[in-house]
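Novice: Just the structure for this:
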Amino acid sequence: MRLGGSILRSYNDPHEWIQIVKELRYSAVLAPVGPDAPDELVKAYVEEAKKAGVVIAEVGAWSNPVSKDEEERKKALEYCKKQLDLADRIGARCCVNIAGSRGEIWDGFYRDNYSEDTYALIVDSVREIIDDVKPKNTFYTLEPMPWMYPDSPDSYLRLIKDIDRKEFGVHLDFVNMINSPQKYLFNDKFIKECFDKLGPYIKSIHAKDVIMENRFTTIIREVAPGKGTIDYAVFLRLVEDLDPDMPVLIEHLDTQEEYIEAFDYIKTVADRNMLKIKPVL
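Specialist: Next comes the predicted model:
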């Protein structure tokens with residue numbers, strides 16, 4: 001597998017960027033440029049990544065394309081299209097967004113998130129984004145969330161069927177779907193279910209962890225890899241069996257030092273279980 005995470009240091013050009021990537025030992029990375037980057041600059045970053053054996057895993061399109069505010073919704077759709085186009089130009093494994101919410105908070109929990117009208121709007125918005133861009137080198141994906149579609153492997157499979165576009169894939173964040181004590185306590189079985197059902201469609205994966213507090217009612221918090229109860233040995237074995245080139249990206253940490261600590265933890269688990277993390281060249 002390929003392991004990476006966010007880069008919190010600044011860089012001014014492709015050479016500086018790849019030096020930081022090498023220092024951090026990342027063999028999978030987030031897109032290093034935005035959608036307005038000229039083709040020449042995009043090409044330069046791609047060439048540096050290829051020389052170092054680094055895969056650009058994903059381009060974020062974080063926005064709300066199902067917003068009740070029609071102006072916000074239109075802006076989000078256009079942004080998603082620009083980001084998907086960037087992912088296609090840069091050869092990223094995927095472009096990723098969440099489905100969006102039907103409330104004031106773009107990633108918030110609302111009853112309307114689960115209406116059939118909202119589900120239909122998600123299907124239509126993803127189709128529009130893909131059909132307008134027509135990507136040839138990447139996939140559009142939705143990151144699962146605890147309180148909007150897709151929130152389970154089965155709801156993701158339903159979306160794949162109903163969206164019905166070969167350019168639609170899966171971004172796997174199983175931690176975001178651990179939204180009950182059962183999934184938490186039996187996370188090894190739940191992770192296996194995710195891979196069993198979604199494996200052929202997975203393009204990129206997030207690496208996080210969770211801890212449940214012994215307080216009422218149910219409080220499940222995201223924490224750094226190794227700080228919770230996720231069975232990383234099971235997880236990493238499933239990744240390796242699925243695709244030795246699969247990018248696994250650590251996220252949501254506050255400092256570069258925390259990313260290094262999380263990277264070291266995952267590598268230690270991989271080494272202990274004789275699983276290979278591809279090195280940067």
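Novice: Mind listing what's buried along stretch 258-277?
Specialist: 258-263, 265-266, 269-270, 275, 277 (16 or more other CB atoms under 10 Å). (Each C-beta comes from the backbone N, C-alpha and C, glycine too.)
Novice: Just say helix, strand or coil for the residue lying farthest from the centre of the chain.
Specialist: No residue in the chain sits farther from the centre than Phe216, which is 30.4 Å out by CA atoms, centre = their mean. Secondary structure, DSSP: H, G, I helix; E, B strand; the rest coil: Phe216 is coil.
Novice: Just the residues contacting stretch 152-168, thanks.
Specialist: Applying CB atoms under 8 Å, 6 or more residues apart in numbering, the contact partners of stretch 152-168 are 122-123, 126-127, 130-131, 134-135, 138-142, 144, 149-150, 170, 177, 193-194, 197-198, 201.
Novice: Now do it: distance to the chain's middle.
Specialist: When distances are taken as CA atoms, centre = their mean, to the nearest Å, stretch 152-168 is centred 16 Å away from the chain's centroid.
Novice: Can I get it in PDB? Just the C-alpha atoms.
Specialist: Coordinates of the C-alpha atoms in stretch 152-168 are reproduced here as PDB (Å, rounded to 0.1, in the frame of the first residue of the first chain):
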ATOM      1  CA  SER A 152     -23.100   2.500   5.200                       C
ATOM      2  CA  PRO A 153     -21.600   0.100   2.600                       C
ATOM      3  CA  ASP A 154     -25.200  -0.800   1.500                       C
ATOM      4  CA  SER A 155     -26.200   2.900   1.000                       C
ATOM      5  CA  TYR A 156     -23.000   3.400  -1.000                       C
ATOM      6  CA  LEU A 157     -23.800   0.400  -3.200                       C
ATOM      7  CA  ARG A 158     -27.300   1.800  -3.800                       C
ATOM      8  CA  LEU A 159     -25.700   5.100  -4.900                       C
ATOM      9  CA  ILE A 160     -23.300   3.300  -7.300                       C
ATOM     10  CA  LYS A 161     -26.300   1.500  -8.900                       C
ATOM     11  CA  ASP A 162     -28.500   4.500  -9.100                       C
ATOM     12  CA  ILE A 163     -25.900   7.000 -10.300                       C
ATOM     13  CA  ASP A 164     -24.900   4.500 -12.900                       C
ATOM     14  CA  ARG A 165     -21.700   6.100 -14.100                       C
ATOM     15  CA  LYS A 166     -18.500   4.100 -14.600                       C
ATOM     16  CA  GLU A 167     -16.600   7.300 -13.500                       C
ATOM     17  CA  PHE A 168     -18.200   7.200 -10.100                       C
END
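Novice: sorry, back to before: of the contacts of stretch 152-168, buried ones?
Specialist: So, by 16+ other CB under 10 Å, the buried ones in the contacts of stretch 152-168 are 122-123, 126-127, 130, 135, 138-142, 144, 149-150, 170, 177, 193-194, 198, 201.
Novice: Among these, which lie within helices?
Specialist: Counting by DSSP state H, the buried ones among the contacts of stretch 152-168 place 122-123, 126-127, 130, 193-194, 198 in helices.
Novice: and which of those residues is nearest to Gly91?
Specialist: Ile130 (17.0 Å; CB to CB).
Novice: residue contacts, that closest one?
Specialist: Counted by CB under 8 Å, 6+ apart, Ile130 has contacts 84, 140, 163, 165, 167-168.
Novice: ok, so what distance separates it from Lys203?
Specialist: Note on Ile130: its distance to Lys203, by CB to CB, to the nearest Å, is 14 Å.
Novice: if I read this right, Lys75 contacts Ser63, doesn't it?
Specialist: Yes. Contact criterion CB atoms under 8 Å: Lys75 and Ser63 qualify, at 7.4 Å.
Novice: Which one of those two is surrounded by more residues?
Specialist: Neighbour comparison, Lys75 and Ser63: the larger count goes to Ser63, with 19 against 15 (by other CB atoms under 10 Å).
Novice: tell me the SS of the residue nearest to the more buried one when sequence neighbours are not counted?
Specialist: Of all residues not flanking Ser63 in the chain, Ala76 sits nearest, at 3.7 Å (CB to CB, 6 or more residues apart in numbering). Per three-state DSSP, the secondary structure class of Ala76 is helix.
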